[in-house]
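In: For reference, the sequence and a predicted model appear below.
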Amino acid sequence: MKPERVPHTGVYIFLGLWTGCVAVSGYVWSAEVACRIVSASMVAFGCGRAVLPGGVVPRVRSRLFDVATYALLAGALWYLANWAHTPTVA
């Protein structure tokens, strides 16, 4: 059985910092902008998973499954971001 390469620790640190930056952008700009940033990040992450060799991007399942999941979730999140500014009903 061929050993799997594990991403460098710096990748996980970067992902943690990026998640924090997206959360801060929700407070600084708006929830819609934060949702669109997460959606674009998922597209970029999916493209990286499709193109880069194994062990560079964290994997969950097969390459095809990961890329398809990122693309579908990014599209759904981009669509739902329109309702991020919906006012609360009291």
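Out: Looks like it came in fine.
In: Helices of the chain, residue ranges please.
Out: With DSSP state H as the criterion, the chain has helices at 9-28, 31-51, 63-80.
In: Just want the most central residue of the protein.
Out: residue 42 (3.3 Å; C-alpha atoms, centre = their mean).
In: ok, now how distant is that one from residue 22?
Out: Going from residue 42 to residue 22 by C-beta to C-beta, to the nearest Å gives 11 Å. The way it works is simple: take the backbone N, C-alpha and C, and place the C-beta from them, glycine included.
In: Also residue 72?
Out: Residue 72 is 19 Å from residue 22, by C-beta to C-beta.
In: Between those two, which is the more surrounded one?
Out: Between residue 72 and residue 22, residue 22 has the larger neighbour count (other C-beta atoms under 10 Å), namely 15 against 12.
In: That one is in contact with residue 36, isn't it?
Out: No - Residue 22 is not in contact with residue 36 according to C-beta atoms under 8 Å; the separation is 10.1 Å.
In: any weak-confidence spans in the protein?
Out: The chain contains residues with pLDDT under 70 at 1-4.
In: Recalculate using a threshold of 90.
Out: Applying pLDDT under 90 to the chain flags residues 1-12, 15, 52-62, 83-90.
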